[in-house]
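# Any chance you could fold what I've pasted below:
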Amino acid sequence: MTNDTSTPRTLALTAGAVAGTAGLGAAAMLGYRRLRRMLAANAAELNETLPINSLWWRTHAKEKGELLYVAIGDSAAQGIGASAPNRGYVGILADHIRLATGKTVRVLNLSVSGATVDLAVRDQLPRFVKLQPDIVTVAIGANDIAQWDPVRFEAGIRTLFAALPAHALVADLPCFHLPHNDRKVFVANRIVREVAAEHGLTVVPLHEATERQGLRSVFTQVANDFFHPNDRGYRIWAEAFLPQLSTDVAHRFPQDAFVE
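The predicted structure follows:
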């Protein structure tokens, strides 16, 4: 037997559920838009530090040093997202080199914010080949993931790695903690390792070091643009370099033991 009130009641309940779902959807959309606005504002704020960091490195590059450390890279090498330029991984490594060798170190940071592998070959490599650096670090390629072209990436990596001295330390790409990006990163890192092996270069396992931090690191080791590392994140980057740097310094500067 059919209850005469069941149909209106069902319709009312259905309408209420739809309205509730729509309300949740609208709230989620509003929250997403607010998040997008916040991230855009934070990114714009960090963008204002680009010329500041660049000037800082150019100014300090004029300082004399017994050893020359040259860095090739992008905004991470510039230390964008850190509380100060020298609190990025390049600055941390430079401090370790000074402690390890007891020598003064001139840091020539050739990196450019936003650089891809192609741009590093175009803008940084011509300056690099005129130098005779004692220490070299390379961390480049993260910006290539946005417009991923594996053929172009490999061609650029081959050109870049062919110009590096045997003692150069080249990092693979960091973990993005996003499956659709990390699939591209996996291919990029395979290319980095294969080309590095062809030239006898040491690969720094940056991806392994950052992946080990887990997804929670997005909230603890990343700047407020949710892209660049913060001070804690850059320490993880530096720690990825340090074992290889330690071995390199101990081998080529045996008169000074490496001190951590």
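
# Report the secondary structure state of residue 165.
Following DSSP: H, G, I helix; E, B strand; the rest coil, residue 165 is assigned to coil.

# Can you report how many residues lie near the closest residue to it other than its chain neighbours?
Excluding the flanking residues, the one nearest residue 165 by C-beta to C-beta, 6 or more residues apart in numbering is residue 136, at 6.3 Å. Bear in mind the C-beta positions are built from the backbone N, C-alpha and C, glycine included. Counted with other C-beta atoms under 10 Å, residues neighbouring residue 136 total 21.

# ok, now residue 239?
Residues near residue 239, counting by other C-beta under 10 Å, number 13.

# Who are the contact partners of it?
Contacts for residue 239 (C-beta atoms under 8 Å, 6 or more residues apart in numbering) come out as residue 209.

# so how many other residues sit close to residue 64?
Neighbours of residue 64 using other C-beta under 10 Å come to 8.

# Quick check, pLDDT for it.
We note a pLDDT of 94 for residue 64 in this prediction.

# So it: helix, strand or coil?
Following three-state DSSP, we place residue 64 in the coil state.

# In this structure it contacts residue 105, no?
No - between residue 64 and residue 105 there is no contact under C-beta atoms under 8 Å: 10.0 Å.

# if we can go back for a sec, partner residues bridging the residue nearest to residue 165?
Listed by DSSP bridges, the beta-bridge partners for residue 136 are residue 70.

# dump the residue contacts of it.
69, 70, 71, 72, 164, 165, 167, 168, 169.

# mind checking which helix or strand residue 185 is in?
helix 179-198 (DSSP states H and E).

# Show me what that helix is packed against.
If contacts are counted by 3 or more C-beta pairs under 8 Å, 6 or more residues apart in numbering; DSSP states H and E, helix 179-198 sits against helix 150-162, strand 202-204.

# Please identify the most buried of those.
Most buried of those, by mean neighbour count (mean count of other C-beta atoms under 10 Å): strand 202-204, with a mean of 20.
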